[in-house]
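A.B. asks: pasting the structure only:
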């Protein structure tokens, strides 16, 4: 996979992501020069090319003079959860939009979630757009792909993780105790969480809305719910 | 201004927005037929046109078979704030992206904010895209345009409104008492709140971030902060 952007490269370097090749624009600038220095220090393979080639490689005009070939993206295996001390997971049930996925990754990393979980079918995947929208924060977390979300939920419940699904008909989210190992499930942009997945959740939580607003953008909902987990655990520890 | 989309029309009808003309697609569907019935009941002017005309009128392919001419959009005057019982305002200091503006409007209405305030210069305006992204919730709230945000903040402070700016170097947002008349100030996507605006705020609030994440998307930040206002006031009343 070929990803692009300066902040994306910064995160790749900081998190020691495997790199096959880094392509820099031949239109030099101070920030590009700085990045080249960093890449040299790390002894990573790089080359200089013109913007037309960068555009072709990245399939994107706004590549910011940097394209990085990271090979195949590696999803993590769900077994990593067993090693987590107090897991905080984000489960995305058939999210479709790469902008939503990227924004949710960024928020998840900031809120301290340990991993994001997506189903193998009918779901957005990790793409260059997702990486870009996440501002490279994707490389700071774990993305787990599972065959069956409902079965996955059953399994993590046996590990002591409490699973909360975001739905219209749930309890007000700030009245639920989230000071424990938790997984927050967010549903598809149009249809929400599937019934068979909902049924597996320990409980449903809702964001109350005034003025008859029916729903929020899923990345905004994610922000509100994931930061409630942060807030409760922060206040608890202090 | 010509706005488009079925949910947008629904909100226009529900909120009795002035309408100059409604254009429906001649490719009929049940949901379009239902909307035509509603428009007839309200005795609003409408016409049937082919999709090419709708596309030209709306400058958009995804018009969903409905384009509505609402004439000039009417910004509200800041004097309306004086009549609010316990004001809850959202001030946007030079936000540029219509998708962010639309998403923030949607969240503001859901969280119960009374108005959104934008500066006349160097700011996104109300456009058809903003209306669409807000899913028509824009018609349920007040958008106020002011000449000078810093001076506006000075003025509302004399009305007893506490003004909190979202910034990196503020207090953790959930440790600040927001159970009073408040205005939350959100800054530009790249640069945050301008210094002269920051200086006028009563206090600065921050969203703490783990894993060295530097910032969140401004519409996600808005969701977290505006729902903290909701949460605190909800818990207080009950």
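C.D. replies: Right, received. Where do you want to start? Because the structure is predicted, anything quoted here is derived from the model rather than measured.
A.B. asks: surely residue A:101 meets residue A:130?
C.D. replies: Yes - in this structure, residue A:101 is within contact of residue A:130 by CB atoms under 8 Å, at 5.0 Å. The way it works is simple: take the backbone N, C-alpha and C, and place the C-beta from them, glycine included.
A.B. asks: more neighbours: which of the two?
C.D. replies: residue A:101 (27 against 23; other CB atoms under 10 Å in any protein chain shown).
A.B. asks: quick check: mean pLDDT across the helix or strand that contains that one?
C.D. replies: If you go by DSSP states H and E, residue A:101 is part of helix A:98-111. Taken as a whole, helix A:98-111 has a mean pLDDT of 98.
A.B. asks: which other helices and strands contact that helix?
C.D. replies: Secondary-structure packing of helix A:98-111 (3 or more CB pairs under 8 Å, 6 or more residues apart in numbering or on different chains; DSSP states H and E): strand A:88-93, strand A:115-119, helix A:128-133, helix A:218-237, helix B:218-237.
A.B. asks: residue B:158: which of these is closest?
C.D. replies: Among the helices and strands packed on helix A:98-111, the nearest to residue B:158 by CB to CB is helix B:218-237 (20.9 Å).
A.B. asks: for that closest one, buried residues please.
C.D. replies: B:218-234 (16 or more other CB atoms under 10 Å in any protein chain shown).
A.B. asks: residue A:39 and residue A:66: what is the separation?
C.D. replies: Look at residue A:39 and residue A:66: by CB to CB, to the nearest Å, they are 10 Å apart.
A.B. asks: do residue A:98 as well
C.D. replies: As for residue A:98, its distance to residue A:66 is 19 Å (criterion: CB to CB).
A.B. asks: which of these two has more neighbours?
C.D. replies: Applying other CB under 10 Å to residue A:98 and residue A:66 shows that residue A:66 carries more neighbours, namely 26 against 19.
A.B. asks: ok, the more buried one - contacts?
C.D. replies: By CB atoms under 8 Å, 6 or more residues apart in numbering or on different chains, residue A:66 lies in contact with A:4, A:5, A:6, A:8, A:9, A:22, A:23, A:24, A:25, A:32, A:35, A:54.
A.B. asks: run a quick check on the third one versus residue A:30, I expect a contact.
C.D. replies: No - with the criterion set as CB under 8 Å, residue A:6 and residue A:30 do not qualify as a contacting pair; they are 11.3 Å apart.
A.B. asks: of those two, who's got more company?
C.D. replies: Shown here are residue A:6 and residue A:30; by other CB under 10 Å, residue A:6 has more neighbours (17 against 7).
A.B. asks: quick one, what contacts that one?
C.D. replies: A:31, A:32, A:35, A:64, A:65, A:66.
A.B. asks: for residue A:124, which three-state class applies?
C.D. replies: Recorded secondary structure, residue A:124: coil (DSSP: H, G, I helix; E, B strand; the rest coil).
A.B. asks: state the pLDDT value of it.
C.D. replies: Per-residue confidence at residue A:124 stands at 97 (pLDDT).
A.B. asks: do residue A:15 as well
C.D. replies: Among the per-residue scores, residue A:15 holds a pLDDT of 94.
A.B. asks: for it, give its distance to residue A:138.
C.D. replies: Taking CB to CB, one finds residue A:15 at 9 Å from residue A:138.
A.B. asks: what does chain A put close to chain B?
C.D. replies: By the rule CB under 8 Å from any CB of the partner chain, the part of chain A lying against chain B is A:103, A:106-107, A:109-112, A:135, A:137, A:140-141, A:172, A:174, A:207-213, A:216-217, A:219-224, A:227, A:230-231, A:234-235.
A.B. asks: so residue A:61 belongs to a strand, correct?
C.D. replies: No - secondary structure of residue A:61 (three-state DSSP): coil, not part of a strand.
A.B. asks: what is the neighbour count of it?
C.D. replies: By other CB under 10 Å, neighbour count at residue A:61 equals 8.
A.B. asks: need phi/psi at it.
C.D. replies: Per-residue torsions, residue A:61: phi -80, psi -30 (degrees, to the nearest 10).
A.B. asks: just the pLDDT at it, thanks.
C.D. replies: 92.
A.B. asks: returning to what we had before: tell me which of the helices and strands packed on helix A:98-111 lies nearest to residue A:158.
C.D. replies: strand A:88-93 (14.1 Å).
A.B. asks: narrow the contacts of residue A:66 to those in strands?
C.D. replies: Judged by DSSP state E, the contacts of residue A:66 include A:4, A:22, A:23, A:24, A:25 as members of strands.
A.B. asks: top of these by number of neighbours, please.
C.D. replies: Most surrounded of these: other CB under 10 Å gives residue A:4, at 24 neighbours.
A.B. asks: quick one, domains of chain A?
C.D. replies: Following automatic domain parsing, chain A resolves into domains at A:2-69, A:78-237.
A.B. asks: winner for burial among those domains?
C.D. replies: domain A:78-237 (a mean of 20; mean count of other CB atoms under 10 Å in any protein chain shown).
A.B. asks: which one's the longest strand in chain A?
C.D. replies: Taking DSSP E as the criterion, chain A has its longest strand at strand A:162-172.
A.B. asks: strand partners of that one, parallel vs antiparallel please.
C.D. replies: strand A:182-187 (parallel), strand A:203-206 (parallel) (DSSP bridges).
A.B. asks: in JSON lines: these, plus distance to residue A:87 and mean pLDDT.
C.D. replies: Converted to JSON lines, the strands paired with strand A:162-172 look like this (distance: least, CB to CB, whole Å; pLDDT from 0 to 100):
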{"stretch": "strand A:182-187", "distance to residue A:87": "7", "mean pLDDT": "98"}
{"stretch": "strand A:203-206", "distance to residue A:87": "17", "mean pLDDT": "98"}
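A.B. asks: of all these, which one is nearest residue B:187?
C.D. replies: Across those, residue B:187 has its closest neighbour in strand A:182-187 (27.0 Å, CB to CB).
A.B. asks: and the closest one, how far out from the chain's middle?
C.D. replies: 13 Å (CA atoms, centre = their mean, to the nearest Å).
A.B. asks: cool, and stretch A:49-64?
C.D. replies: Relative to its parent chain, stretch A:49-64 has a centroid offset of 25 Å by CA atoms, centre = their mean.
A.B. asks: what's next to that stretch, contact-wise?
C.D. replies: Contacts for stretch A:49-64 (CB under 8 Å, 6+ apart): A:2-6, A:23-27, A:65-67, A:69, A:128.
A.B. asks: before we move on, what about stretch A:187-201?
C.D. replies: Against stretch A:187-201 from outside (CB under 8 Å, 6+ apart): A:93-97, A:100, A:149-150, A:153-154, A:157, A:163-168, A:185-186, A:204, A:218.
A.B. asks: cutoff 7 Å now
C.D. replies: The contact list for stretch A:187-201 (CB atoms under 7 Å, 6 or more residues apart in numbering or on different chains) reads A:93-97, A:100, A:149-150, A:153-154, A:163-167, A:185, A:204, A:218.
A.B. asks: contact partners for the residue nearest to the spatial centre of chain A?
C.D. replies: Central residue of chain A (CA atoms, centre = their mean): residue A:105, 2.3 Å from the mean position. The contact partners of residue A:105, by CB under 7 Å, 6+ apart, come to A:116, A:134, A:137, A:138, A:141.
A.B. asks: mind running it again at 6 Å?
C.D. replies: Going by CB atoms under 6 Å, 6 or more residues apart in numbering or on different chains, residue A:105 touches A:134, A:137, A:138.
A.B. asks: could I get these as CSV with pLDDT?
C.D. replies: Formatted as CSV, the contacts of residue A:105 follow (pLDDT from 0 to 100):
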residue, pLDDT
A:134, 97
A:137, 97
A:138, 97
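A.B. asks: that concludes my questions; thank you for your assistance.
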